[in-house]
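A.B. asks: Return atomic coordinates for the entry below.
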Amino acid sequence: MLNNRYDVSQETRKRILAIIEELGYAPNHLARSLRMGQTKTIGVVISDVSNPFFGSVISGIENILREEGYCVLLYNANEDAQREEEVFKVLLERRVDGVIITPVDESNFSALLSLLQKANIPCVFLARYAKNIPVSYVIADDLLGSFLATEHLLKKGHKRILYLGGPPFLTTSQERIQGYKKALEQYGLPSDENLIKPSRAKMEDGYKIVKEALFQKLEFTAIASFNDYLAFGALRALRENGLSVPRDVAVVGYDDVEFASISWVPLTTVRMPKYELGVEAAKILLSHIRGEAESIKKVVLKPKLIVRSST
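C.D. replies: Numbering: from 1, shown residues only. Predicted structure coming up:
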């Protein structure tokens, strides 16, 4: 009856519908999915849900998965390997059909991945990847993006460019530093390690690094950042020290988060294809779930330099 069987009389149908309405019954889709060997749920683990970068990414994921009848369970690892491990245990308990994750730490992830593989749960890395772990991924070309940002400053005549980096263990951090150094090399400039400052990639880090650099009288005329958050912190530090942007110091961010264009100095930045990252990750995961993609898929999308007032 509940599945609209043709061999149920109208009288019986009406009587059962009346009982359903009285009891407030709702179909147990989870039980039905489990009988079919699926839960129709996907776990999405974001490294830092407070970062607005992930808003468009999640939207892309949800739009694709919703069309295919999947629900998304969203979790925040908060850039914490222990928290990431706790989340994985929850995902296994929930019997998700697949996982999309921005991994926190490559050294910690191999053991977690083996748990998924034992449970036959496919996984796709998003926005980051791990060099020694065979998992499909969708990333942007971070070396190119950082190269474009640095080259833009070099073309403006800047030779002393302070680089605000991210956590050193992340592949994204490593490749963006490579892009920064590659641009300097192509323009015949040495790479000064004193100008490269790793951080947790938080706004307060950008603020503190630039305040300290100014206090120490470190010479620089421009700043390139691992992300927009660091750039916003840098802008605040420069303003508090009476420096004009871009007249005294030019600043370039990375990601092009939603409010980069409406900052007190609209921020020149590298636009990541955020929505497209989410869409591609969801498509690849679905192909693994359906058994359509046996081999590892590697998708690299192109970033774009967006020039605004900060340079």
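A.B. asks: Tell me which stretches of the stretch 51-200 of the chain form strands.
C.D. replies: All strands of the stretch 51-200 of the chain, identified by DSSP state E, counting those that start in this stretch, fall at 71-76, 98-101, 123-126, 136-140, 161-164, 196-197.
A.B. asks: Please identify which of those is closest to K89.
C.D. replies: Across the strands of the stretch 51-200 of the chain, K89 has its closest neighbour in strand 71-76 (11.0 Å, Cβ to Cβ). Quick note: C-beta positions are derived from backbone N, CA and C, even for glycine.
A.B. asks: circling back to that earlier point, identify whichever of the strands of the stretch 51-200 of the chain lies nearest to L235.
C.D. replies: strand 161-164 (11.4 Å).
A.B. asks: what does the closest one contact?
C.D. replies: Strand 161-164 is contacted by residues 150, 153-154, 177, 180, 184, 195-197, 199, 205-206, 209-210, 213, 218, 220-226, 230-231, 234 when judged by Cβ atoms under 8 Å, 6 or more residues apart in numbering.
A.B. asks: follow-up on the earlier one: Throw the strands of the stretch 51-200 of the chain into JSON lines and include mean neighbour count, thanks.
C.D. replies: Below are those laid out as JSON lines (neighbours: other Cβ atoms under 10 Å):
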{"stretch": "strand 71-76", "mean neighbour count": "16"}
{"stretch": "strand 98-101", "mean neighbour count": "26"}
{"stretch": "strand 123-126", "mean neighbour count": "26"}
{"stretch": "strand 136-140", "mean neighbour count": "24"}
{"stretch": "strand 161-164", "mean neighbour count": "26"}
{"stretch": "strand 196-197", "mean neighbour count": "19"}
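A.B. asks: which stretch among the ones you listed comes nearest P273?
C.D. replies: Of the strands of the stretch 51-200 of the chain, nearest to P273 by Cβ to Cβ is strand 136-140, at 6.2 Å.
A.B. asks: who are the neighbours of the closest one, in terms of helices and strands?
C.D. replies: Under the contact definition 3 or more Cβ pairs under 8 Å, 6 or more residues apart in numbering; DSSP states H and E, strand 136-140 sits against strand 123-126, helix 274-289, strand 298-301.
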